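Colleague: sequence plus predicted model, see below.
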Amino acid sequence: MRFLLISTLLFIISCNKKENEIQQPQKIPFAIVIHGGAGYISKENMPLEKQKKYKIVLEKALNKGYEIIENGGTAIDAVQNTLMILEDSPLFNAGRGAVYNNQGKNKMDASIMDGKTLNAGAVAGVSNIKNPIQLARLVMDSTKHVLLAGKGAEIFAEQQQLKFENDAYFYTKRQHEYLLKVQKREREIKLQKSISKTDINNSNIQIHTLENSKYGTVGAVALDKAGNIAAATSTGGLTNKKYGRIGDSPIIGAGTYANNKTCGVSCTGTGEYFIRTLAAHEVSNLIQYKKRSAKEAIKEVIHTQINNLGGKGGIIILDKQGNIAWDFNTKGMFRAYKKSTGKNKIAFFEMDTVKLK
């Protein structure tokens, strides 16, 4: 009788344990992934001292975003604050390090998106604003609009008491010298009467892709403890750009996209091709409707859709399960990630890794 009673109790305990195991939800790791542009990034053109400078800034930005979500903060706050650090660095083509347009002015673009609500904010063609990503966030949170551009966006920034800086703050010798180099090349091409205007424009894009894009657009995607995804992108655009040219970075679905049902995405590269393919949204579609993995989705968009059009660049992705992937069809891409599982990585070149301390 006693044996039967003990057996019955053990059976009940076993059943309760199994029931609790079944009811226990799967814990998804929180994480953040960032990029600092894709382009002609190789060990040959980047001395160790320069690599160290990029690593320091990338690590600082990555740790800032990770700390926010680790302490219970939101993904949207994490990506904004991460990009503000990258915008404050002269190393990247965003904020302080933004490239010059053909008039010698820094015109910046940025966007941010909340995957929980699909709310988004963006700004395009703004000048002298210290942190364009901060302005994009205010567009999302404080207006009924998604995208503000030019002077109107700057007036809104003044009303929101955002910090402005003078032109000297945005001056970098590297970007100014590159502007002069591109303009010289443009004049040389125009002297060749056999080259059409279309070829001249394409040549400018090619020059940017091969050389200047190594100092590129910045982006971040985060997944917080509540399972919410957010993505953000910021850039100075294309060196020597004219006519108010806008790339993919401030266009939701092209350069930035976030949806809790699928993933968060940030893109970098020759924006015209990312706009034409709606690259960021296409990645989400491939996951949602074609059941592709994060890695498979960005590979198809970069190496098939964009590459077949002649475009160059890269994509970072973080899906709803906490899976991280990146891909690019250039020599390299500044990139990094950190997960609550303990995994982390910083990388610059093809198949290369710089480990965090």
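Modeller: Alright, I've got the coordinates. All values derive from a computational prediction rather than experimental measurement.

Colleague: what ranges do the strands span in this protein?
Modeller: All strands of the chain, identified by DSSP state E, fall at 31-39, 108-114, 120-126, 147-149, 218-223, 229-235, 256-259, 263-269, 313-319, 324-328, 332-339, 344-349.

Colleague: so for the first one, what gets flagged as buried?
Modeller: Spelled out, that is strand 31-39. Under the neighbour-count criterion of 16 or more other CB atoms under 10 Å, strand 31-39 has Ala31, Ile32, Val33, Ile34, His35, Gly36, Gly37, Ala38, Gly39 buried. For the C-beta atoms, the positions are set from N, CA and C on the backbone; glycine is no exception.

Colleague: ditto for stretch 60-71
Modeller: By 16+ other CB under 10 Å, the buried positions in stretch 60-71 come out as Ala61, Leu62, Asn63, Lys64, Gly65, Tyr66, Ile68, Ile69, Glu70.

Colleague: outside of stretch 341-350 itself, list whatever touches it.
Modeller: Outside stretch 341-350, the residues that touch it by CB atoms under 8 Å, 6 or more residues apart in numbering are 29, 41-43, 46, 51, 54-55, 58-59, 62, 331-338, 353-356.

Colleague: one more time with 7 Å, if that's ok
Modeller: Stretch 341-350 is contacted by residues 29, 41-43, 51, 54-55, 58-59, 331-332, 334-338, 353-356 when judged by CB atoms under 7 Å, 6 or more residues apart in numbering.

Colleague: okay, how far is it across it, tip to tip?
Modeller: Taking CA to CA, to the nearest Å, stretch 341-350 runs 24 Å from one end to the other.

Colleague: please apply the same query to stretch 299-309.
Modeller: Stretch 299-309: ends 15 Å apart by CA to CA.

Colleague: got it, and stretch 230-239?
Modeller: Note: stretch 230-239 ends 28 Å apart using CA to CA.

Colleague: could I get the average pLDDT for that stretch?
Modeller: Summarised as a single mean, pLDDT over stretch 230-239 is 96.

Colleague: same question for stretch 284-304.
Modeller: 98.

Colleague: cool, and stretch 55-75?
Modeller: So the average pLDDT for stretch 55-75 ends up being 98.

Colleague: now it: how far from the chain's centre is it?
Modeller: Put simply, stretch 55-75 sits 14 Å off its chain's centre (CA atoms, centre = their mean, to the nearest Å).

Colleague: can you show me the CA trace of it as CSV?
Modeller: Taking Å, rounded to 0.1, in the frame of the first residue of the first chain, the C-alpha atoms of stretch 55-75 are listed here in CSV:
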residue,chain,number,x,y,z
LYS,A,55,36.7,49.2,-33.7
ILE,A,56,36.7,51.6,-30.8
VAL,A,57,33.7,53.6,-32.1
LEU,A,58,31.8,50.5,-33.3
GLU,A,59,32.3,48.8,-29.9
LYS,A,60,31.1,51.9,-28.0
ALA,A,61,28.0,52.2,-30.1
LEU,A,62,27.2,48.5,-29.9
ASN,A,63,27.6,48.5,-26.1
LYS,A,64,25.4,51.5,-25.7
GLY,A,65,22.5,49.9,-27.5
TYR,A,66,23.0,46.6,-25.8
GLU,A,67,23.1,48.2,-22.4
ILE,A,68,19.8,49.8,-23.0
ILE,A,69,18.0,46.6,-23.9
GLU,A,70,19.9,44.6,-21.2
ASN,A,71,18.5,47.1,-18.6
GLY,A,72,14.9,46.6,-19.8
GLY,A,73,14.9,49.5,-22.3
THR,A,74,13.1,49.4,-25.7
ALA,A,75,14.6,48.4,-29.0
